[in-house]
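S.K.: here are the coordinates; sequence isn't available:
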């Protein structure tokens, strides 16, 4: 398995992104959960926009941490670090 310098904690960031995206998806859901509470929070659009910004920024942070992890763990050398950083980070930045 590759990486490991950060003990794979960057995946925790990815899990947060997924949870935020689920909040966005379910925001307007009025169905009830097992406790009888609405599944969605019904936040206004300006809050959802900030959730989207947070998810995007965290996705970027997770990718950056992954690239650093692979470099310092010896899975990437300086050249592949730069190449992969440029490819992956620019792709995520374009997703705005």
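M.R.: Good, I have the coordinates. Since the model is a prediction, treat every value here as computed from it, not as a measurement.
S.K.: Give me the secondary structure label for residue 30.
M.R.: Classification of residue 30 by DSSP: H, G, I helix; E, B strand; the rest coil places it in coil.
S.K.: Relative to residue 22, how far out is it?
M.R.: Distance, residue 30 to residue 22, using Cβ to Cβ, to the nearest Å: 16 Å. For the C-beta atoms, the positions are set from N, CA and C on the backbone; glycine is no exception.
S.K.: So for those two, which sits in the more crowded spot?
M.R.: Counted by other Cβ atoms under 10 Å, residue 30 and residue 22 do not tie: residue 22 has more neighbours, with 12 against 8.
S.K.: And the helix or strand harbouring that one, what's buried?
M.R.: Using DSSP states H and E, residue 22 maps to helix 10-26. For helix 10-26, the neighbour count (16 or more other Cβ atoms under 10 Å) marks 10, 13, 14, 16, 17, 20, 23, 24 as buried.
S.K.: do the same with stretch 26-44
M.R.: Residues 27, 40 are the ones in stretch 26-44 that count as buried (16+ other Cβ under 10 Å).
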